[in-house]
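Q: give me coordinates for this.
(chains A and B)
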Number of protein chains: 2
Amino acid sequence: MKVLMTEVNFSEGKDENKISQIKDALTSVENIEILELNSDPNHNRSVFTYKGSPEDVLEATKRLSKKAVELIDMTVQKGSHPRQGAIDVVPFIPVKDVTTEEAVEIARKYGKFLGDELGVPVYYYEDAATREDRKSLPKIRKGEYEALEEKMKDENWRPDEGPFEFNKKSGATVTGARFPLIAFNINIDTEDIEIGKKIVKTVREKTGGYKYVRAIALEIPDRKCVQVSMNLTNYEKTAIHRVFETIKFELTRYNVNIIDSELVGPVPVYAMTELLQFYIKLTDNFSAEQFYM
Amino acid sequence: MKVLMTEVNFSEGKDENKISQIKDALTSVENIEILELNSDPNHNRSVFTYKGSPEDVLEATKRLSKKAVELIDMTVQKGSHPRQGAIDVVPFIPVKDVTTEEAVEIARKYGKFLGDELGVPVYYYEDAATREDRKSLPKIRKGEYEALEEKMKDENWRPDEGPFEFNKKSGATVTGARFPLIAFNINIDTEDIEIGKKIVKTVREKTGGYKYVRAIALEIPDRKCVQVSMNLTNYEKTAIHRVFETIKFELTRYNVNIIDSELVGPVPVYAMTELLQFYIKLTDNFSAEQFYM
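A: Below is the predicted model:
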């Protein structure tokens, strides 16, 4: 059974009535399983995470988006989180028996709907990007909603779908496909941020580390420690245990220990397979399908 | 949300038409999630594993049982697997937010239904047992269906529910409640079964080991090794990693290594929490609810 997940980021996190209407539009599609509905009033942003068959997820996301575009007015929207549109970012994430190509196809169908039916300019990102310089969300979103009118006077900002003109009410939407991401933090027993930065350099792709690791070092004054805060962007190719053990051995030269680690937010259970194979020498016969909850 | 699981073991594993009718009775209850439908023609036995709310699971199990009792005739049933009834064994297993007491209550309601409505003698086992000598399934099932008529002449075999007389067509049913069980095997790099037996003695409850471990040593000629084959009967109190690491250190005195390990059949994802806390020092903040599949 194919399972696709999405995390719809939209620019309303305060008005409970509007959030509730948007939720109703989503749940009007049967067989959608909601994983998390998170609304942050300070960010003035909500993230709805849900999964289902690719077709159901596409339909639910269309309905949700239609309602959100109707209710959200970007000319008056303010919040602390970066955003450039009413429907800000929509990644489609393969969970089970769905290829990246299929997820890209769903993203393209959704983008076409947003552009053609709702008149919202759409930029494809990550695995659905049509150009190298549109792979990264921060690059596309630079300057946020406020910069969009000016940016769209430039041919370089012609959207992948929808009208090539500034949409004052709805801004623009970034959508695409990407592998499930795991947020993994390791707290190390030092207050010296320089050690944290050196560790970051050894594990992240940018500076010669693992291909699917993004990392930064943060000071955590409350706990008098430093945190190596990471996103693992492909747990199949860069496994959790490998990153953990690498940081552990790199720390020995500074005589620093790992205090503890954190897995933040949703974690695909499929990421457990390699970890179990490493730590308890589980045979290849094991399948994550054996897990139940 | 409360989730209860059951594994209904019934004595038909050959006749596809009958199995299909029994399956239809089960799936006539909505919101039941099927985890595995396994039918073994040699065993002449099926195991249907499914979960849902305690009420739905109870209702589905009643419907399934009514159909199975109607279709299965124990006077002609033959198969290689031990059995004493058409509906042979039905454990109710807490998965999420269900206490053992609640699971026992469901088992009792189900037992009452079997006894009162279907006229099948019922013995409660495991956590639902009414007597110490009825805790263990092998003890209750000793002699199988063929011994039942004779056994039931003895006051000691008065059932917990249903008529105190031999039911020729349906035999008797054992039902109860138990914690989810994990089947965990460790293959060790020796052909000396004596080493396997010594390891078994160190880890299983019976001989001074961990309270929730049952274990035996087996020769695996195909792989030229010995297997420590275990059931972990309470993964919260006797965790997977602890058993693995104990066997690993006990083996050092024989200069034997672990080759690999196997998790067989369904594994509750909740069992991953302690393992992750041990191997990658995950903080207590992590909840298995973060897993998705």
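Q: nearest residue to the closest residue to chain B within the stretch 1-150 of chain A other than its sequence neighbours?
A: The nearest approach of the stretch 1-150 of chain A to chain B comes at A:Leu35, 5.7 Å away (C-beta to the nearest C-beta). Heads up, the C-betas are built off the backbone N, CA and C, glycines and all. Sequence neighbours aside, A:Thr49 is the residue nearest to A:Leu35 in space, at 4.3 Å (criterion: C-beta to C-beta, 6 or more residues apart in numbering or on different chains).
Q: tell me which helix or strand the one you found sits in.
A: Following DSSP states H and E, one finds A:Thr49 within strand A:45-52.
Q: pull up the pairing partners for that strand, direction included.
A: Take DSSP bridges as the rule and strand A:45-52 pairs in its sheet with strand A:3-10 (antiparallel), strand A:33-40 (antiparallel).
Q: what comes into contact with the first one?
A: Same thing as strand A:3-10. A:22, A:35, A:45-54, A:57, A:61, A:64-65, A:68, A:72, A:83, A:86-98, A:102-103, A:106, A:180, B:292-293 (C-beta atoms under 8 Å, 6 or more residues apart in numbering or on different chains).
Q: buried subset of those?
A: Neighbour counting over the contacts of strand A:3-10 (16 or more other C-beta atoms under 10 Å in any protein chain shown) leaves A:22, A:35, A:45-52, A:54, A:57, A:61, A:64-65, A:68, A:72, A:83, A:86-96, A:98, A:102-103, A:106, A:180, B:292-293 as the buried ones.
Q: from the chain's centre, how far out does stretch A:134-145 sit?
A: Centroid displacement of stretch A:134-145 relative to its chain, using C-alpha atoms, centre = their mean, to the nearest Å, is 14 Å.
Q: buried set for that stretch?
A: A:134-135, A:137, A:140-141, A:145.
Q: stretch A:224-240 now?
A: Buried residues in stretch A:224-240 (16+ other C-beta under 10 Å): A:225-235, A:238-240.
Q: ok, now stretch A:244-252?
A: Buried residues in stretch A:244-252, counted by 16+ other C-beta under 10 Å: A:244, A:246-248, A:250-251.
Q: before we move on, what about stretch A:147-160?
A: Of the residues in stretch A:147-160, A:148, A:152, A:157, A:159-160 count as buried by neighbour count, 16+ other C-beta under 10 Å.
Q: got a pLDDT number for the residue in chain A sticking out farthest from the centre?
A: Most distant from the centre of chain A: A:Asn255, at 34.6 Å, with distances by C-alpha atoms, centre = their mean. A:Asn255 is assigned a pLDDT of 98 by the prediction.
Q: before we move on, back to that, and the buried residues of stretch A:134-145, which two are the farthest apart?
A: Largest separation among those by C-beta to C-beta: A:Lys135 and A:Tyr145, giving 20.9 Å.
Q: would you mind naming what in chain A lies close to chain B?
A: A:3, A:5, A:35, A:51, A:95-96, A:240-241, A:244, A:258-263, A:265-270, A:272, A:275-276, A:279-283, A:285-286, A:288-293 (C-beta under 8 Å from any C-beta of the partner chain).
Q: can you go through those residues and name the buried ones?
A: A:3, A:5, A:35, A:51, A:95-96, A:240-241, A:244, A:258-263, A:266-270, A:272, A:275-276, A:279-282, A:286, A:288, A:290-293.
Q: among the residues you listed, which ones are in strands?
A: Among those, DSSP state E puts A:3, A:5, A:35, A:51, A:95-96, A:258-263, A:267-268, A:291-292 in strands.
Q: report the two of those residues separated the most.
A: The most widely separated members of these, counting by C-beta to C-beta, are A:Val3 and A:Ile259 (35.2 Å).
Q: quick check: closest non-adjacent residue to A:Gly176.
A: Spatially, and ignoring its direct neighbours in sequence, A:Gly176 is nearest to A:Ala128 (3.5 Å; C-beta to C-beta, 6+ apart).
Q: show me the contacts for that neighbour.
A: Neighbours of A:Ala128 in contact, by C-beta under 8 Å, 6+ apart: A:103-104, A:107-108, A:111, A:175-177.
Q: nearest to A:Pro41 among those residues?
A: Nearest to A:Pro41 among those, with distances taken as C-beta to C-beta, is A:Thr175, at 24.9 Å.
Q: contacts only, for that closest one.
A: By C-beta under 8 Å, 6+ apart, the residues touching A:Thr175 are A:89-92, A:107, A:110-111, A:114, A:122-125, A:128.
Q: tell me the angle whichever strand or helix holds it makes with strand A:3-10.
A: If you go by DSSP H and E, A:Thr175 is part of strand A:173-177. Counting by axes from the mean of the first three to the mean of the last three C-alpha atoms, to 10 degrees, strand A:173-177 points 160 degrees away from the direction of strand A:3-10.
Q: domains in chain A, by residue range?
A: A:3-177, A:182-290 (automatic domain parsing).
Q: closest to B:Gly208 out of these?
A: The nearest among the domains of chain A, by C-beta to C-beta, is domain A:182-290 at 23.0 Å.
Q: and that closest one, how far out from the chain's middle?
A: 18 Å.
Q: repeat that for stretch A:29-36.
A: Chain-centre distance of stretch A:29-36: 18 Å, with C-alpha atoms, centre = their mean.
Q: residues making contact with it?
A: Contact with stretch A:29-36 is made by A:5, A:26-27, A:47-53, A:56-57, A:59-60, A:63, A:265-266, B:292, as judged by C-beta under 8 Å, 6+ apart.
Q: can you name every helix or strand that the helix or strand hosting A:Ser65 contacts?
A: Per DSSP H and E: A:Ser65 is located in helix A:54-71. Using 3 or more C-beta pairs under 8 Å, 6 or more residues apart in numbering or on different chains; DSSP states H and E, the elements in contact with helix A:54-71 are strand A:3-10, helix A:16-27, strand A:45-52, strand A:87-96, helix A:100-116.
Q: again, only using 6 Å
A: Packed against helix A:54-71 by the contact rule (3 or more C-beta pairs under 6 Å, 6 or more residues apart in numbering or on different chains; DSSP states H and E) you find strand A:3-10, helix A:16-27, helix A:100-116.
Q: now stretch A:168-185: how far from the chain's centre is it?
A: Using C-alpha atoms, centre = their mean, the offset of stretch A:168-185 from its chain centre is 5 Å.
Q: what mean pLDDT does it have?
A: 96.
Q: end-to-end on that stretch?
A: Using C-alpha to C-alpha, to the nearest Å, the end-to-end distance of stretch A:168-185 comes to 39 Å.
Q: surely A:Leu71 and A:Ser20 touch.
A: No: between A:Leu71 and A:Ser20 there is no contact under C-beta atoms under 6 Å: 10.4 Å.
Q: these two: which has the busier surroundings?
A: Using other C-beta atoms under 10 Å in any protein chain shown as the criterion, A:Leu71 and A:Ser20 rank with A:Leu71 on top: 17 against 9.
Q: mind checking how far the more buried one is from B:Glu245?
A: Here A:Leu71 is placed at a distance of 55 Å from B:Glu245 (C-beta to C-beta, to the nearest Å).
Q: A:Ser39 too?
A: For A:Ser39 relative to B:Glu245 (C-beta to C-beta), the value is 43 Å.
Q: can you check A:Pro163 too?
A: 62 Å.
Q: what pLDDT is listed against A:Lys211?
A: In this prediction A:Lys211 is given a pLDDT of 95.
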